[in-house]
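1. The sequence and its predicted three-dimensional model are supplied below.
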2 protein chains.
Amino acid sequence: MANHDRHVEFWFDFASTYSYFAIQRIEAEAAIAGIDVIWRPFLLGPIFAAQGWNDSPFNIYPAKGRFMMRDLARRAAAYGLPFDERGELPANSVPAARLAYAALQGPKGPAFCRNVSAALWAEARKIADPDVLADCARAADLDPEALTELAASDAIKPLLRDATAKAQSKGVFGAPSFTVGDELFWGEDQMADALAWAATGEMATRG
Amino acid sequence: MANHDRHVEFWFDFASTYSYFAIQRIEAEAAIAGIDVIWRPFLLGPIFAAQGWNDSPFNIYPAKGRFMMRDLARRAAAYGLPFDERGELPANSVPAARLAYAALQGPKGPAFCRNVSAALWAEARKIADPDVLADCARAADLDPEALTELAASDAIKPLLRDATAKAQSKGVFGAPSFTVGDELFWGEDQMADALAWAATGEMATRG
């Protein structure tokens, strides 16, 4: 049973490789921990630009990029999740994130987010392509046209920009990140720490 | 019982905050996994310089630096290890790493490494100070003068530079890192993955 006083804010960018694993796994893990998840798609681009980066850090730092691709493959095998290293890096995630805020107005939002993330990182599809996004919507039992219209509305359109600003004000500098009040957790490895913190106010004992 | 065909190379810099946790914990964890550890102190400085950094990335990227300090405190509590955030960042780790290669010629090397790392990150002492290093040697039951002499010998002095070059050729871009053959693992969170890989040739199943 979810404890509705306790929740994790989940900050992710569809263009982020490591966000993929968190997007696919967080609902199941949060349910086990009895924690609600508030989905906060945001854009890494402006945050990276503020750090002086105009490309993925995995492209800017080749040794890190080579490590990442191997790490992602090992991690995918350990999770039993498909991973296609031909996924575009960095992808333009703006259209997907705008639609996600529309989808997240209802209970099918998380499924839409999982579909988008899998389109990019399990199937190497172009997530800026409206046809791909329409497929992701339909697979989540959402109507693509209604979703597109809602995403463009005055109520929904500002949410992505607001979330990116809020992420930055919370100290988020990469994705995925997780916040519990003022506590920031970074990296998909820290999803479990964030859920434990939301449940107990401390990290699980280690080692 | 250790399997002497299977080992992890452990790449660390005494100046690295996250290396501290790995240095303190790796022998006990490796013993449980039945894996030998080859200690490879190296210098992050030349590797960071090759990436265009002339300071700790935690100083270059303030948001990341703020996250790190809080993450270290949480992690120290979870491990039950002391951590003093006043430790010098970045510290000059060259004298300590040179002595470490002398100490690692015998069985007391790991204890010397733990003492140096704790001097910096549990006690905020200056690890470039010969008196501090002498204390670390004596606490590992090593003679500081003999160790200093051995460190300056033709046999030992080149080992630190060689290790730094070898780290770079293995794709190491940060510390702590762990290698098992050609497999690179980065970050103290991946110590367990590296040990599992050395034992079984794959990651432990996750999720």
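-> On my side now, so go ahead.
2. What helices and strands are in contact with the least confident helix or strand in chain A by mean pLDDT?
-> None of the helices or strands of chain A scores lower by mean pLDDT, DSSP states H and E than helix A:57-60, at a mean of 78. Here helix A:57-60 touches helix A:62-79, going by 3 or more CB pairs under 8 Å, 6 or more residues apart in numbering or on different chains; DSSP states H and E. For every residue, glycine as well, the C-beta is placed using N, CA and C.
3. What residues of the helix it packs on count as buried?
-> By neighbour count on 16 or more other CB atoms under 10 Å in any protein chain shown, the buried set for helix A:62-79 is A:Ala63, A:Lys64, A:Phe67, A:Met68, A:Asp71, A:Leu72, A:Arg74, A:Arg75, A:Ala76, A:Ala78, A:Tyr79.
4. Quick check: mean pLDDT of that helix?
-> Here helix A:62-79 scores 94 as its mean pLDDT.
5. how far does it sit from the chain's center?
-> 18 Å (CA atoms, centre = their mean, to the nearest Å).
6. contacts for it?
-> A:17-18, A:21, A:24-25, A:56-59, A:82-83, A:85, B:51, B:171-174, B:183-186, B:193, B:202-207 (CB atoms under 8 Å, 6 or more residues apart in numbering or on different chains).
7. Narrow the residues you listed to those in strands?
-> Under the assignment DSSP state E, these contribute B:Glu183, B:Leu184, B:Phe185, B:Trp186 to strands.
8. In chain A, which strand is the longest?
-> Max-length strand for chain A by DSSP E is strand A:3-12.
9. Most neighbours among the ones in strands among the contacts of helix A:62-79, which one?
-> Most neighbours among the ones in strands among the contacts of helix A:62-79, by other CB atoms under 10 Å in any protein chain shown: B:Phe185, with 27 neighbours.
10. From what I see, that residue and B:Val172 are in contact.
-> No: the pair B:Phe185 and B:Val172 fails to qualify as a contact (CB atoms under 8 Å) at a distance of 10.1 Å.
11. who touches both of those two?
-> With CB under 8 Å, 6+ apart, B:Phe185 and B:Val172 have common neighbours B:Thr179.
12. which parts of stretch A:169-176 are buried?
-> So stretch A:169-176, judged by 16+ other CB under 10 Å, has buried residues A:Lys170, A:Gly171, A:Val172, A:Phe173, A:Gly174, A:Ala175, A:Pro176.
13. wait, doesn't the first one sit right on A:Val180?
-> Okay, so that is A:Lys170. No: using CB under 8 Å, A:Lys170 is not in contact with A:Val180; the gap is 10.9 Å.
14. which parts of stretch A:31-47 are buried?
-> A:Ala33, A:Ile35, A:Asp36, A:Val37, A:Trp39, A:Arg40, A:Pro41, A:Phe42, A:Leu43, A:Leu44, A:Gly45, A:Ile47.
15. Over to stretch A:79-99?
-> Going by neighbour count (16+ other CB under 10 Å), the buried part of stretch A:79-99 is A:79, A:81, A:83, A:87, A:89-91, A:93-99.
16. quick one: terminal-to-terminal distance for that stretch?
-> Stretch A:79-99 has its terminal residues 27 Å apart, counting by CA to CA, to the nearest Å.
17. Now the least confident helix or strand of chain A: buried residues?
-> Under 16+ other CB under 10 Å, the buried positions of helix A:57-60 are A:Phe58.
18. Spell out the residue ranges of the helices in chain A.
-> A:17-33, A:44-50, A:57-60, A:62-79, A:94-103, A:109-121, A:130-139, A:144-151, A:158-169, A:191-200 (DSSP state H).
19. Quick check: the gap between A:Pro158 and A:Thr164.
-> Look at A:Pro158 and A:Thr164: by CB to CB, to the nearest Å, they are 11 Å apart.
20. out of these two, which sits in the busier spot?
-> Counting neighbours by other CB under 10 Å for A:Pro158 and for A:Thr164 shows that A:Thr164 has the greater number, 22 against 11.
21. so what's that one up against?
-> Residues near A:Thr164 by CB under 8 Å, 6+ apart: A:Phe42, A:Leu43, A:Pro46, A:Ile47.
22. re earlier: Serialize the buried residues of stretch A:31-47 to CSV and add fields for distance to chain B and pLDDT.
-> Below are the buried residues of stretch A:31-47 laid out as CSV (distance: CB to the nearest CB, whole Å; pLDDT from 0 to 100):
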residue, distance to chain B, pLDDT
A:Ala33, 13, 94
A:Ile35, 16, 96
A:Asp36, 20, 96
A:Val37, 16, 98
A:Trp39, 19, 98
A:Arg40, 17, 98
A:Pro41, 19, 98
A:Phe42, 14, 97
A:Leu43, 16, 96
A:Leu44, 12, 94
A:Gly45, 15, 91
A:Ile47, 8, 88
